[in-house]
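Engineer: Need coordinates for the following:
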Amino acid sequence: MSTNAATSRVLIALAVVVAVLLPVALSDFHVFQATQILIYAIAILGLNLLIGYNSQISLGHGAFYAIGAYVVAILMAQYEVSYFFALPAAAAICFVAGFLFGLPALKLEGHYLALATFALALAVPQLLKYPAFEPWTGGVQGIFVLKPDPPFGLPLGADHWLYYFTLAITLGVFLMAANLLDGRVGRALVAIRDQPVAAETMGINIAMYKAITFGVSALYTGLAGGLSAIVIQFVAPDSFTMFLSIFLLVGVVIGGVASIPGAFLDAAFIVIIPNVAADISKAATGAVYGLLLIVFVYLLPRGAWGGITVGCKWLTRRASL
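Structural biologist: Model prediction:
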């Protein structure tokens with residue numbers, strides 16, 4: 001096992017232990033924030049699969065986030081479907097939507113694909129307000145969702161239960177992504193990203209791999225949106241503007257492109273840093289946030305996870321001297 005792999009596994013194991021014990025020391029509000037970090041980590045991982053491993057730029061993943069949130073909200077609020085079944089339904093619908101969108105997008109590359117996905121991010125919130133869909137979407141008023149109680153009489157508060165429920169799903173989807181990328185599919189994606197002509201010569205179906213990757217990416221993002229609807233208890237079109245897609249893209253860059261563990265650091269950045277910026281200056285929150293973002297990118301050009309692994313390697317070399 002390489003030093004990088006060993007270091008990554010140790011850090012991940014420590015992070016899991018901390019995540020399990022974290023709610024014990026936090027208030028309900030901070031547990032809610034920690035749950036949001038896990039949700040955004042799932043969405044950012046989905047986008048990173050597309051950008052980091054398949055070189056397809058998307059500015060429209062906020063649309064899939066919205067679709068997942070609304071599917072869960074509609075099933076739970078209007079049809080009284082349990083969230084145990086609503087979440088898989090949202091993930092499946094988002095996979096189909098992402099796959100179907102990915103098929104025509106195969107003809108687009110670079111900034112053309114970015115513009116097409118950006119149009120998707122702009123269109124979905126408007127469609128959710130469309131009068132013909134109001135009986136399901138609630139129009140501009142949105143949909144309220146009841147927060148589920150812990151099952152089986154577990155001695156947990158609702159916020160703590162949702163945190164552990166989200167943590168279990170997060171660990172599951174991250175393990176699935178790691179296994180997927182470590183296998184044949186991951187090697188094919190890297191080959192398509194780095195040497196598409198050689199990959200096609202080797203018999204790799206580039207079109208199918210790209211479309212499926214788009215679908216899986218949308219699945220992850222839609223699952224995150226569904227979890228968000230349950231945790232926040234409310235969905236409305238104005239909650240899923242184009243800025244959500246931009247925040248997800250910022251998260252990918254901050255944590256490190258093509259870095260699975262970096263998604264957690266990405267999510268922490270986009271949840272915590274806006275609050276820090278507001279504390280510094282409520283009148284110029286956006287300017288402070290932008291300045292912190294520039295400083296962060298300048299100091300860690302390889303992303304937060306890249307900076308951590310480089311620092312661990314340096315400490316290991318120093319310790320061995």
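Engineer: OK, contacts around Leu127?
Structural biologist: Contacts for Leu127 (Cβ atoms under 8 Å, 6 or more residues apart in numbering) come out as Phe133. All C-beta spots, glycine's among them, are computed from the backbone N, C-alpha and C.
Engineer: Return the distance of the helix or strand hosting it from the chain's centre.
Structural biologist: Using DSSP states H and E, Leu127 falls within helix 110-128. On the basis of Cα atoms, centre = their mean, to the nearest Å, helix 110-128 sits 18 Å off its chain's mean C-alpha point.
Engineer: I'd guessed Pro125 sits against Ala236; true?
Structural biologist: No: in this structure, Pro125 is not within contact of Ala236 by Cβ atoms under 8 Å, at 9.2 Å.
Engineer: downstream neighbour of the helix holding Leu127 in the secondary structure list?
Structural biologist: Once helix 110-128 ends, the next helix or strand along the chain (criterion: DSSP H and E) is helix 134-137.
Engineer: got a list of contacts for the lowest-mean-pLDDT helix or strand in the chain?
Structural biologist: Least confident helix or strand of the chain, by mean pLDDT, DSSP states H and E, is helix 303-320 with a mean of 72. Identification of contacts with helix 303-320 by Cβ under 8 Å, 6+ apart yields 3-4, 7-8, 11, 253-257, 259, 261-262, 265-266, 269, 296, 299-300, 302.
Engineer: contacting residues for the closest residue to Ser58 other than its chain neighbours?
Structural biologist: Sequence neighbours aside, Thr117 is the residue nearest to Ser58 in space, at 4.3 Å (criterion: Cβ to Cβ, 6 or more residues apart in numbering). Residues near Thr117 by Cβ under 8 Å, 6+ apart: 57-61, 105, 245.
Engineer: With Leu103 instead?
Structural biologist: Taking Cβ under 8 Å, 6+ apart, one finds 207, 211 in contact with Leu103.
Engineer: can you do 10 Å?
Structural biologist: Contacts for Leu103 (Cβ atoms under 10 Å, 6 or more residues apart in numbering) come out as 207-208, 210-211, 214-215.
Engineer: do Leu113 as well
Structural biologist: 55-60, 102, 105-107, 214.
Engineer: Now which of the contacts of helix 303-320 would you call buried?
Structural biologist: Neighbour counting with 16 or more other Cβ atoms under 10 Å marks 7-8, 253-257, 259, 261-262, 265-266, 269, 296, 300 as buried within those.
Engineer: right, and out of the residues you listed, which lies closest to Phe29?
Structural biologist: Nearest to Phe29 out of these is Phe269 (Cβ to Cβ; 19.0 Å).
Engineer: pLDDT score for the residue most central in space within the chain?
Structural biologist: The residue lying closest to the centre of the chain (Cα atoms, centre = their mean) is Ala43, at 1.3 Å. Ala43 is assigned a pLDDT of 96 by the prediction.
Engineer: picking up where we left off before, now the buried members of the contacts of Leu113.
Structural biologist: Among the contacts of Leu113, those buried by neighbour count (16+ other Cβ under 10 Å) are 55-60, 102, 105, 214.
Engineer: Format these as CSV; extra columns: distance to Leu87, secondary structure and pLDDT.
Structural biologist: Below are these laid out as CSV (distance: Cβ to Cβ, whole Å; DSSP: H, G, I helix; E, B strand; the rest coil; pLDDT from 0 to 100):
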residue, distance to Leu87, secondary structure, pLDDT
Ser55, 29, coil, 81
Gln56, 25, coil, 85
Ile57, 28, coil, 85
Ser58, 22, coil, 90
Leu59, 25, coil, 90
Gly60, 22, coil, 90
Gly102, 22, helix, 85
Ala105, 26, helix, 76
Phe214, 20, helix, 93
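Engineer: The residues you listed: which two are farthest apart?
Structural biologist: Spatially, the most separated pair among the buried ones among the contacts of Leu113 is Ser55 and Gly60, at 16.2 Å (Cβ to Cβ).
Engineer: give me phi/psi at Leu26?
Structural biologist: Main-chain dihedrals, Leu26, degrees, to the nearest 10: phi -120, psi 150.
Engineer: Show me what the one helix or strand Ile212 maps to packs onto, helices and strands only.
Structural biologist: Per DSSP H and E: Ile212 is located in helix 206-232. Using 3 or more Cβ pairs under 10 Å, 6 or more residues apart in numbering; DSSP states H and E, the elements in contact with helix 206-232 are helix 28-54, helix 61-78, helix 83-105, helix 158-182, helix 184-194, helix 196-201, strand 234-235, helix 242-255.
Engineer: Ser82: neighbour count?
Structural biologist: 11 (other Cβ atoms under 10 Å).
Engineer: Pull up the gap between it and Pro151, please.
Structural biologist: 10 Å (Cβ to Cβ, to the nearest Å).
Engineer: before we move on, what about Leu171?
Structural biologist: Applying Cβ to Cβ, the value for Leu171 to Pro151 is 19 Å.
Engineer: Could I get the contacting residues of the nearest residue to the residue nearest to the centre of the chain once chain neighbours are set aside?
Structural biologist: Take Ala43 and drop its neighbours on the chain: the residue closest to it by Cβ to Cβ, 6+ apart is Ala224, 3.7 Å away. Going by Cβ under 10 Å, 6+ apart, Ala224 touches 38-47, 61, 64-65, 68-69, 90-91, 94, 166, 169-170, 173, 248, 267.
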